[in-house]
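> Pasting the sequence and the predicted coordinates here, then a few questions.
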Amino acid sequence: PATEVGQDVLRFPPDFLWGAATASFQIEGATTEDGRGPSIWDTFAATPGKVLGGDTGEPACDHYHRYADDVALMAELGLAAYRFSVAWPRVQPTGSGRVEPRGLAFYDRLVDSLLDRGIQPIATLYHWDLPQGLEDQGGWRSRETAHRFADYAALVHEHLSDRVKLWSTLNEPWCSAFLGYGNGVHAPGVADPAAALTAAHHLLLGHGLAMRAMRAQAGDDQRLSIVLNLSTVLADRDDEASREAVRKVDGLQNRLWLDAVMGRGYPADVLADTSWVVDWDGLVRDGDQEVIGAPLDWLGVNYYSPSRVAPAGAHVVTDGPHPGLRGVELLPPRGELTGFGWEQNAEAFTELLVRLGTEAAGVPVVVTENGSAFPDVVDAGRVADPERTRYLLDHLRAVHRAVERGADVRGYLAWSLLDNFEWAAGYSQRFGIVHVDYDTQVRTVKDSGRALARVIDRNAVPAEGYQVS
Ligand code: GBH
């Protein structure tokens, strides 16, 4: 098309993996079908005041019934890969013991239809839908849950690994621990900093035990990972107090997770900063760090926006999700915001990916989520979403810059394939590159979806501009 004539393009490495991502609870619906047990998100959404508008996991995108059409849509967009998550309560309705074959059969059907279309499946074993039965026994506050997760991971892996080669254990354990048990904005809605740090350790232990169990039965073709939500932490000044504020937030947001899974153990400064809320020596047993540091084949990174901080009085407890954080003020986002109010900052994305060249040295990175929410409308069969398209292209250029600066980034998966249940925001926030009408379940590819399709087709992004016709 004319728009590209004479325009410079930024080409991605050959074999760069292009696709989109979703998560079970956010799209499947059918929450009581085929023996599925309740998850903490069913309970949380049924609790008045927790999810905006009283929205629940029904009907979501009714993907449980419409998966075949959705896979056809992925093929139409030219996706080479699709990242989905397995709902633990479909597979083990109470979180342990009995396996529900109808739950596994759904993922068989999904994986088979992806493979039929030549789309590479990427499975995440836990994207926040903990079986309620396990929460009733303490959830991630209990060390036992880590073992239950490893059992579940092993059985799903055993069942699907003949067809699924790329795996992630947890999606964003920071969110599960700090939003689920720290400020209570996510399920199970517990607000207790000690519980949040306890959950963090048990999630990471669960990751490590799952890695060990999967590795023991994995063939050479299996590539195992974890997905972390990492972020660049920015301060206005470079004085000592500001650097100290950055260090603290960076510790809880990034290094606690990254250092642990890279086999470096928990960072000493984070342990020291938070020892006033949790007894780490009682929590972390001998050998745990070694389990958690099991070698990764790749690292999934989800990036949306940076964090901004400023120093505060040393003993002022920081309001917000980070447990035990003191002496830091979290600043509001700046500049262009998304419809969700998140800062758009592609430069900070490049910085993050470049940094991983050192802090995750030797481990290839896949961007497993990146995207933006805006209030889209369908108009005469078309969804014009110039802001999302711009966010997408800006962030793809940011990935390209990172690769040029030596970052080992192997793929990019857009969040999300479909508009879906956006957790505490319910259906009010739309992240899809495909619009979903929740009354009719009609899907409409947005302009941003067409832009991504074009990028995939060319394995390149225009060096500037947002024209995608
Ligand atoms: C991901 O989490 C999830 O994996 C996915 O399920 C979800 O739908 C998607 O992103 C979009 O939310 O309030 O300005 O301080 C994102 C993790 C953590 C990113 C909190 C934004 C707060 C930004 N999020 N963070 S702000």
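Here it is on my side, so go on.

> hey, where'd the strands end up in the stretch 301-450 of the chain?
307-311, 328-331, 365-369, 409-415, 434-436, 443-445 (DSSP state E, counting those that start in this stretch).

> is it true that residue 213 touches residue 153?
Yes - between residue 213 and residue 153 there is a contact at 6.1 Å, judged by CB atoms under 8 Å. Using the backbone N, CA and C atoms, a C-beta is placed for each residue, glycine as well.

> So which of those two has more stuff around it?
Taking other CB atoms under 10 Å, residue 213 and residue 153 do not tie; residue 153 has more neighbours (26 against 20).

> With residue 169 as the reference, measure out to that one.
6 Å (CB to CB, to the nearest Å).

> Find residues that contact each of those two.
Taking CB atoms under 8 Å, 6 or more residues apart in numbering as the contact rule, residue 153 and residue 169 both touch 125, 210.

> any idea where the helices of the stretch 301-450 of the chain begin and end?
In the stretch 301-450 of the chain, the helices defined using DSSP state H, counting those that start in this stretch lie at 346-359, 386-404, 447-458.

> Would you reformat these as CSV and include mean neighbour count and mean pLDDT?
Listed next are the helices of the stretch 301-450 of the chain as CSV, based on neighbours: other CB atoms under 10 Å; pLDDT from 0 to 100:
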stretch, mean neighbour count, mean pLDDT
helix 346-359, 19, 98
helix 386-404, 21, 98
helix 447-458, 21, 97
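
> Output those helices as TSV; include the columns distance to the ligand.
As requested, the helices of the stretch 301-450 of the chain are exported to TSV (distance: least, CB to the nearest ligand atom, whole Å):
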stretch	distance to the ligand
helix 346-359	13
helix 386-404	13
helix 447-458	15
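
> circling back: including mean neighbour count and distance to residue 49, could the strands of the stretch 301-450 of the chain go into a markdown table?
Below are those laid out as a markdown table (neighbours: other CB atoms under 10 Å; distance: least, CB to CB, whole Å):
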| stretch | mean neighbour count | distance to residue 49 |
| --- | --- | --- |
| strand 307-311 | 21 | 27 |
| strand 328-331 | 18 | 23 |
| strand 365-369 | 25 | 27 |
| strand 409-415 | 24 | 26 |
| strand 434-436 | 23 | 25 |
| strand 443-445 | 19 | 31 |
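
> Any chance of the ones you listed in TSV with mean pLDDT as columns?
What follows is the strands of the stretch 301-450 of the chain, written out as TSV (pLDDT from 0 to 100):
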stretch	mean pLDDT
strand 307-311	98
strand 328-331	98
strand 365-369	99
strand 409-415	99
strand 434-436	98
strand 443-445	98
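
> Any idea which of these gets closest to residue 176?
strand 365-369 (14.9 Å; CB to CB).

> Which of the residues in stretch 267-276 are classified as buried?
Buried residues in stretch 267-276, counting neighbours by 16 or more other CB atoms under 10 Å, are found at 267, 270-271, 273-274.

> And the contacts of that stretch?
Here stretch 267-276 makes contact (CB under 8 Å, 6+ apart) with 193, 197, 247-248, 251-252, 255-256, 259, 280, 323-326.

> Among those residues, name the ones in helices.
Using DSSP state H, 193, 197, 247-248, 256, 259, 280 are the members of those that sit in helices.

> Of those residues, just say which sits nearest to the ligand.
Comparing the ones in helices among the contacts of stretch 267-276 against the ligand with CB to the nearest ligand atom places residue 256 closest, at 14.9 Å.

> Fine by me, we can end here.
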